[in-house]
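Enquirer: attaching a predicted model along with its sequence, questions to come.
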Amino acid sequence: MTHTEPLRTCKICGIEAYIQDGLHHFVKCTKPSNQTGRRNMCKRCHNKNNRGRVVTEKTVERNLNRRVTKHYNCTIDEYNERMATSDVCEVCGVENKDKTGHKLCYDHDHTTMKFRGVLCTNCNRAIGQLGDTKEAIKMALNYLER
């Protein structure tokens, strides 16, 4: 029986994955050059490494700026200006971070990237689950009225 090379080996603990199913133990990698789609660090070691990290205000700001630019296709100033348009959900009226813990979020059209309004997480998810279409929401309303 010949020894085959592992698909991935953790650089910290040495755990190895010899088959595709074993790769789920390794952290995902988004680099297109990575053939397995996984990094050379298992999830357990990755989590241990990140536990001791100090999160600074600068890091939080940089991450928010990156997320806003990538997901909403706008600047952080535009994002803040749009989020300041309402301090309650524009669908149900719940306040930001009320006793239920729902926070307000930026609602946008995923096709045009156009800002639609400020919604709580529940309303934003509900509209998204219904496919972001008026027709689907009308069908749900008709169902509830029966």
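Expert: Cool, the structure landed.

Enquirer: what's in contact with the biggest helix by length in the chain?
Expert: The residue-count maximum for a helix in the chain (DSSP state H) belongs to helix 57-72. Outside of helix 57-72, the residues within contact range by CB atoms under 8 Å, 6 or more residues apart in numbering are Cys74, Thr75, Ile76, Tyr79, Tyr106, His108, Met113, Phe115. For every residue, glycine as well, the C-beta is placed using N, CA and C.

Enquirer: quick check: ChimeraX command selecting the buried ones in those residues.
Expert: To isolate the buried members of those in ChimeraX, using 16 or more other CB atoms under 10 Å:
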select :74,79,106,108,115
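
Enquirer: let's have the contacts of helix 57-72 in JSON lines, adding distance to Arg8, secondary structure and pLDDT.
Expert: Formatted as JSON lines, these follow (distance: CB to CB, whole Å; DSSP: H, G, I helix; E, B strand; the rest coil; pLDDT from 0 to 100):
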{"residue": "Cys74", "distance to Arg8": "37", "secondary structure": "coil", "pLDDT": "92"}
{"residue": "Thr75", "distance to Arg8": "38", "secondary structure": "coil", "pLDDT": "92"}
{"residue": "Ile76", "distance to Arg8": "36", "secondary structure": "helix", "pLDDT": "91"}
{"residue": "Tyr79", "distance to Arg8": "37", "secondary structure": "helix", "pLDDT": "93"}
{"residue": "Tyr106", "distance to Arg8": "37", "secondary structure": "strand", "pLDDT": "93"}
{"residue": "His108", "distance to Arg8": "37", "secondary structure": "strand", "pLDDT": "92"}
{"residue": "Met113", "distance to Arg8": "36", "secondary structure": "coil", "pLDDT": "89"}
{"residue": "Phe115", "distance to Arg8": "41", "secondary structure": "strand", "pLDDT": "94"}
